[in-house]
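In: fold the stuff below for me.
(chains A and B)
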Protein chains: 2
Amino acid sequence: MAATTIGVFDSGFGGLTVLRELLPLIPGAHYIYLGDTARLPYGSKSQITIARYAVESARFLESQGADHLVIACNTASALAMTEIRDAVGIPVTGVIEPVVDAARHRHPHSDVLVLATSATVQSHAYRTQCGERGLRASEKACPLLVPLVEEGWVDSPITRDVIRVYLREALADCSPQAILLGCTHYPLIAPAIRAILNELNSQAEVIDSARATAIAIERAIHVPPTESAVPASFQCYATDSVEKFARLGSQFLGQPIPLVDLLDLGG
Amino acid sequence: MAATTIGVFDSGFGGLTVLRELLPLIPGAHYIYLGDTARLPYGSKSQITIARYAVESARFLESQGADHLVIACNTASALAMTEIRDAVGIPVTGVIEPVVDAARHRHPHSDVLVLATSATVQSHAYRTQCGERGLRASEKACPLLVPLVEEGWVDSPITRDVIRVYLREALADCSPQAILLGCTHYPLIAPAIRAILNELNSQAEVIDSARATAIAIERAIHVPPTESAVPASFQCYATDSVEKFARLGSQFLGQPIPLVDLLDLGG
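Out: As a prediction, the model looks like this:
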């Protein structure tokens, strides 16, 4: 029997933090990761364009044999889940529902704070999904965090200064019991976020969407025990800048990416 | 006789710093600004794609009656000038040649330092053009400066900390007589850059590509004296996010942008 194949899609390489959590959790699977780097950032584009791009990527991953699809992109998870589910014949998991479910499970009926990019905050996808699950969500746009992570300044005092500014502003308006990291880049600075929360005397628990999504997929997929003995294998595609993808992506994945295949999905 | 019409093109709203310099310098003209915001950032795209996008924008501005075209985009100026000049029948000025010419004029045969985005540095367009004019150029990628300016943290101590890191790294390897601001966002933080240079005991003169480009166009265009009495008028188009364009663009232009027209140039 062939191994379970899990397709993971993001506009860039941020979604590799989700793959990083999946690899040890479902080790017997084969993973195909697609970063639509030619057309990022999705956040500044219209809903119709984002849905079209995401559907093209989802169909590619299905055509490559994916049995399950992970939309490891907050913008596409916020704005294109219906279109993606309509376009493919396999189960699809986004990154927003799992982390909101985890927050509800651990802190029911509480106040939560969502840290995300401007585009994700403007979609209010987290606030809506939190509201449907009895959580009161404040959303804070943190536009500098992605560039700081991509610059590699994960442990820099400047990054901590920026986090401090954002958290001070956000915590002036709310006292959350959980902080949801609503961007796949943020797991790399989760330790710095926890340190600043401690400094600001907040007891809020940081819940990471990459980890929460990987756990949700492990529960959804029943991998045969024979497969779990086989080491995970993965293959990466990017629609542009494969060299940058391999270099920066390795930091997100936590291991070297030996090969990235260039894929043309059109203009 | 109709007023001179100057078309100004950028991938986003950064090029508005060039328009800001042009308005008082050539007041009698009519300006049409096009920001291809749907397809930014150009920096992460291939040369063929950038040239195609830039040519479409250049043709649109010519079709709207532009007599002169300003490519107020460093990426397109670095990678697509030949294609743009071949595609239109009007004079075209980029942002790189004018600032390099200004540096050569003021500091001939000297060492210069170019601050720019990663994409511009990777193109080595500044180093090449400096070399052709007898200047030895070091190039320093400063990927965090655009997001800091777009966050509005122009006067923030964090922005000064980031500039200090970049300038310390760059000045460890060279002792420039001039510093070329190779990104249309950077004029907004030129005062902070000058302050940090002073702190680091550098005497280098900061030369601004927006100002240098506007002066080059004033020299190239002979505006009839009757026109210079008429106040300048401008019209803005963007291919996406017109509301963000108007809001953030006003800071770059230094005056309100009452109306931004949405333009569809295709996928």
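In: show me where chain A has helices.
Out: A:16-25, A:47-63, A:74-79, A:81-87, A:96-106, A:118-123, A:125-132, A:145-150, A:157-171, A:190-199, A:209-220, A:225-228, A:242-253 (DSSP state H).
In: quick one: the second one to chain centroid distance?
Out: Relative to the mean C-alpha coordinate of its chain, helix A:47-63 is positioned 17 Å out (CA atoms, centre = their mean, to the nearest Å).
In: pLDDT (mean, whole number) over it?
Out: Confidence for helix A:47-63, expressed as mean pLDDT, is 95.
In: who does that helix touch, helix- and strand-wise?
Out: Here helix A:47-63 touches strand A:5-10, strand A:30-35, strand A:68-71, helix A:74-79, helix A:81-87, going by 3 or more CB pairs under 8 Å, 6 or more residues apart in numbering or on different chains; DSSP states H and E. Every residue, glycine included, has its C-beta placed from N, CA and C.
In: looking at the ones you listed, which is buried most?
Out: helix A:74-79 (a mean of 28; mean count of other CB atoms under 10 Å in any protein chain shown).
In: now do it: everything it contacts.
Out: Outside of helix A:74-79, the residues within contact range by CB atoms under 8 Å, 6 or more residues apart in numbering or on different chains are A:9-11, A:41-43, A:47, A:50-51, A:53-54, A:71, A:84, A:94-97, A:116-117, A:119-120, A:123, A:125-126, A:182-184, A:209.
In: repeat that for 7 Å
Out: Applying CB atoms under 7 Å, 6 or more residues apart in numbering or on different chains, the contact partners of helix A:74-79 are A:11, A:42-43, A:47, A:50-51, A:54, A:71, A:94-96, A:116, A:119-120, A:123, A:125, A:182-184.
In: ok, of those residues, which come out buried?
Out: Neighbour-count burial (16 or more other CB atoms under 10 Å in any protein chain shown) applied to these gives A:11, A:42-43, A:50-51, A:54, A:71, A:94-96, A:116, A:119-120, A:123, A:125, A:182-184.
In: which bits of the stretch 51-200 of chain A sit near chain B?
Out: Within the stretch 51-200 of chain A, the positions near chain B by CB under 7 Å from any CB of the partner chain are A:143, A:144, A:147, A:148, A:150, A:151, A:158, A:161, A:162.
In: chain B: which of the residues you listed is nearest?
Out: Relative to chain B, the closest of those is residue A:147; by CB to the nearest CB it sits at 4.3 Å.
In: could you report the neighbour count for the closest one?
Out: When neighbours are defined as other CB atoms under 10 Å in any protein chain shown, residue A:147 has 19 of them.
In: please apply the same query to residue A:110.
Out: Neighbours of residue A:110 (other CB under 10 Å): 19.
In: which stretches of chain A have low pLDDT?
Out: Scanning chain A for pLDDT under 70 picks out A:1-2, A:223-229, A:267.
In: now the spatially most central residue of it. Nearest residue, chain neighbours left out?
Out: When CA atoms, centre = their mean is applied to chain A, the residue found nearest the centroid is residue A:184 (3.6 Å). Distances taken as CB to CB, 6 or more residues apart in numbering or on different chains put residue A:14 closest to residue A:184, at 3.6 Å, once the chain neighbours are dropped.
In: same thing with residue A:203?
Out: Using CB to CB, 6+ apart, the closest residue to residue A:203 is residue A:177 (7.6 Å).
In: and the one you found, what does it touch?
Out: By CB under 7 Å, 6+ apart, the contact set of residue A:177 is A:107, A:110, A:111, A:112, A:204, A:205.
In: same question for residue A:179.
Out: Residue A:179 touches A:113, A:115, A:204, A:206, A:207, counting by CB under 7 Å, 6+ apart.
In: swap in 8 Å and give it another go.
Out: Contacts of residue A:179 by CB under 8 Å, 6+ apart are A:112, A:113, A:114, A:115, A:193, A:197, A:204, A:205, A:206, A:207.
In: which one of these is nearest to chain B?
Out: For the contacts of residue A:179, the nearest to chain B is residue A:115 (14.6 Å; CB to the nearest CB).
In: so what's that closest one bridging to?
Out: residue A:140, residue A:181 (DSSP bridges).
In: residue A:220: how many residues sit nearby?
Out: 12.
In: I figured it hits residue A:68, correct?
Out: Yes - with contact defined as CB atoms under 8 Å, residue A:220 counts as touching residue A:68 (7.1 Å).
In: which neighbours do these two have in common?
Out: Common neighbours of residue A:220 and residue A:68 (CB under 8 Å, 6+ apart) are A:91, A:93.
In: other residues contacting stretch A:158-172?
Out: For stretch A:158-172, contacts defined as CB under 8 Å, 6+ apart pick out A:113, A:115, A:138, A:140, A:142, A:144-145, A:148, A:153, A:189, A:192-193, A:195-197, A:199-200, A:202, B:157-158, B:161-162, B:165.
In: run the chain-centre distance for stretch A:5-23.
Out: Worked out by CA atoms, centre = their mean, stretch A:5-23 lies 7 Å from the chain centre.
In: who wins for neighbours among the residues of the stretch 51-200 of chain A next to chain B?
Out: Going by other CB under 10 Å, residue A:162 tops those with 29 neighbours.
In: what's the spacing between it and residue A:142?
Out: 8 Å (CB to CB, to the nearest Å).
In: swap in residue A:155?
Out: Residue A:155 is 18 Å from residue A:142, by CB to CB.
In: and these two? Which one has more around it.
Out: residue A:142 (29 against 11).
In: isn't the more buried one right up against residue A:114?
Out: No - using CB under 8 Å, residue A:142 is not in contact with residue A:114, being 10.0 Å away.
In: hang on, the earlier thing: out of the helices of chain A, nearest to residue B:89?
Out: helix A:47-63 (32.0 Å; CB to CB).
In: would you mind listing the buried residues in the closest one?
Out: For helix A:47-63, burial by neighbour count (16+ other CB under 10 Å) applies to A:49-58, A:60-62.
In: can I get the CA coordinates of it in CSV?
Out: What follows is helix A:47-63 as a C-alpha-only set of coordinates in CSV (Å, rounded to 0.1, in the frame of the first residue of the first chain):
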residue,chain,number,x,y,z
GLN,A,47,-10.5,37.8,-2.6
ILE,A,48,-11.2,36.6,-6.1
THR,A,49,-7.5,36.6,-7.1
ILE,A,50,-6.5,34.9,-3.9
ALA,A,51,-9.2,32.2,-4.4
ARG,A,52,-8.1,31.6,-8.0
TYR,A,53,-4.4,31.3,-7.0
ALA,A,54,-5.2,29.0,-4.1
VAL,A,55,-7.4,26.8,-6.2
GLU,A,56,-4.7,26.4,-8.9
SER,A,57,-2.2,25.3,-6.2
ALA,A,58,-4.7,23.0,-4.5
ARG,A,59,-5.5,21.3,-7.8
PHE,A,60,-1.8,20.9,-8.5
LEU,A,61,-1.2,19.1,-5.2
GLU,A,62,-4.2,16.9,-5.8
SER,A,63,-2.9,16.0,-9.2
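In: give me the contacts around it.
Out: Counting by CB under 8 Å, 6+ apart, A:7-9, A:11, A:32, A:34, A:36, A:39, A:42, A:45, A:69, A:71, A:73, A:75-76, A:79-80, A:83-84, A:87-90, A:92, A:237, A:263, A:265-266, B:38, B:267 sit against helix A:47-63.
In: and for stretch A:140-152?
Out: In contact with stretch A:140-152 (CB under 8 Å, 6+ apart) are residues A:14, A:113-118, A:120-122, A:154, A:156, A:158-159, A:162-163, A:166, A:169-170, A:183, A:185-186, A:188-189, A:248, A:251, B:143-144, B:146-148, B:150-151, B:153.
In: quick one: it to chain centroid distance?
Out: On CA atoms, centre = their mean, the centre of stretch A:140-152 falls 14 Å from that of its chain.
In: for stretch A:105-124, same thing?
Out: Here stretch A:105-124 is found 14 Å from its chain centre; the criterion is CA atoms, centre = their mean.
In: swap in stretch A:11-28?
Out: Worked out by CA atoms, centre = their mean, stretch A:11-28 lies 9 Å from the chain centre.
In: what are the buried residues along it?
Out: By neighbour count with 16+ other CB under 10 Å, stretch A:11-28 contains the buried residues A:11-23, A:25-26, A:28.
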